[in-house]
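[1] got a sequence here, can you model it:
(one chain, ligands or ions: 2)
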Amino acid sequence: DISPLGYTVGVTLDRFIKDKQADFPFATGELSQLLRDIALASKIVAREIGRAGLSHVTGAFGHTNVQGEEQQKLDVVANIRFTRALTKGGEVCAVVSEEENEVIDLQNKTGKYVVAIDPLDGSSNIDVNVSIGTIFSIYRRVTPQGSPISEQDVLQKGSQQVAAGYVLYGSSTMLVYTTGIGVNGFTYERSLGEFFLSHPAIQAPVTGDIFTINDGLTPSVGLGIVEFLNACKRKGRTSRYIGSLVADFHRNLLKGGIYLYPSSTKNPSGKIRLLYEANALAFLAEQAGGMATDGRRRILDIQPESLHQRTPLFIGSRELVEELHTHL
Ligand code: AHM
Ligand code: MG
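    Numbering: from 1, shown residues only. Ligands and ions are numbered 1, 2, ... in the order given. All right, here's what the predicted structure looks like:
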């Protein structure tokens, strides 16, 4: 459809989610509603980000502004927005968030789902108007409804995800998600307040030219990584690093490339968090035909042991991840 705006607006995210419910004949619609809750919160966060420089939400948490209101950092604001949307939605019983030390029990007794979320990732870019993102994973709770939330509910392997996605607050805002049947991307049309399907059935290029790493780490990473990076340079590949996982992942997903966050002397387990950063992107990567490992194992096969566990992450085009593995 060509809108009066002069460009294509077709299927809205709401319509798409509703149509896709038919893929799950026994579905009750709760997962669909949960995805809509996340989309709504992301619109609010996109609005806050869009005026961040004006609205006293950049800078350190804990200061009070001239009106005597407490200033909140954008990542704290995002955490509040997503938690509130998930609480009100009613489908989620517990949330694991980068912003909270413990599991948040939302007191939704009938909530079937558990969400792990990084409400605003890319902390070094938040205050400087560079792309940032939200990352989310959705699991089915395993203990009976109404019982207290247990470790089993929140420490599930990535392979148990029922849906996952991210929102990229970049030069435009995009929501990309999977329910295990391919990956679809939606672009936000601000004046209409809707996400529209813009990237149907995303397939990651099998290989690519981009390698993505914080080069400052290289003096303290393993020899295999250094060898791979040298091979990339010899082959004339392109180095690109934003320092926002969602943005770096998204670019490589569309263009073909590999993102590396290895273990280093400073971060022996790497930096990226398994539960609310690596797992969602690993699910998306695999659904798009790509690959994600910690250098030894498939990310989705790792049994989490703690909420904020870190993992090395190598993710992107299949042939590039495989090539890296020949050096490890
Ligand atoms: P954060 O959760 O504190 O934002 O850290 C995660 C971010 C990722 O978005 C990004 O890929 C990585 O940290 C960048 O790390 P570094 O600054 O070490 O390059
Ligand atoms: Mg993060």
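[2] contacts, neighbours, all on C-alpha from now
    Will do.
[3] tell me which residues in stretch 79-92 are buried?
    Using 16 or more other C-alpha atoms under 10 Å as the burial criterion, the residues of stretch 79-92 that qualify are 79-83, 85-87, 89-92.
[4] show me these that map onto strands.
    Among those, the ones falling in strands (DSSP state E) are residue 92.
[5] take the buried residues of stretch 79-92 and write them to JSON lines, including pLDDT and distance to residue 35.
    Listed next are those as JSON lines, based on pLDDT from 0 to 100; distance: C-alpha to C-alpha, whole Å:
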{"residue": "79", "pLDDT": "93", "distance to residue 35": "16"}
{"residue": "80", "pLDDT": "93", "distance to residue 35": "17"}
{"residue": "81", "pLDDT": "94", "distance to residue 35": "14"}
{"residue": "82", "pLDDT": "96", "distance to residue 35": "11"}
{"residue": "83", "pLDDT": "95", "distance to residue 35": "13"}
{"residue": "85", "pLDDT": "95", "distance to residue 35": "11"}
{"residue": "86", "pLDDT": "95", "distance to residue 35": "10"}
{"residue": "87", "pLDDT": "93", "distance to residue 35": "13"}
{"residue": "89", "pLDDT": "91", "distance to residue 35": "10"}
{"residue": "90", "pLDDT": "91", "distance to residue 35": "12"}
{"residue": "91", "pLDDT": "93", "distance to residue 35": "10"}
{"residue": "92", "pLDDT": "95", "distance to residue 35": "11"}
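[6] mind putting the buried residues of stretch 79-92 into a markdown table with distance to residue 312?
    What follows is these, written out as a markdown table (distance: C-alpha to C-alpha, whole Å):
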| residue | distance to residue 312 |
| --- | --- |
| 79 | 25 |
| 80 | 28 |
| 81 | 29 |
| 82 | 27 |
| 83 | 27 |
| 85 | 31 |
| 86 | 29 |
| 87 | 32 |
| 89 | 34 |
| 90 | 34 |
| 91 | 32 |
| 92 | 29 |
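[7] which residues in the stretch 51-200 of the chain form helices?
    Ranges of helices within the stretch 51-200 of the chain are 74-89, 123-126, 151-154, based on DSSP state H, counting those that start in this stretch.
[8] before we move on, what about the stretch 201-328 of the chain?
    Listed in chain order (using DSSP H, counting those that start in this stretch), the helices of the stretch 201-328 of the chain are 223-234, 245-255, 279-287, 318-327.
[9] picking up where we left off before, now the helices of the stretch 51-200 of the chain in TSV, with distance to residue 302?
    Below are those laid out as TSV (distance: least, C-alpha to C-alpha, whole Å):
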stretch	distance to residue 302
helix 74-89	26
helix 123-126	25
helix 151-154	14
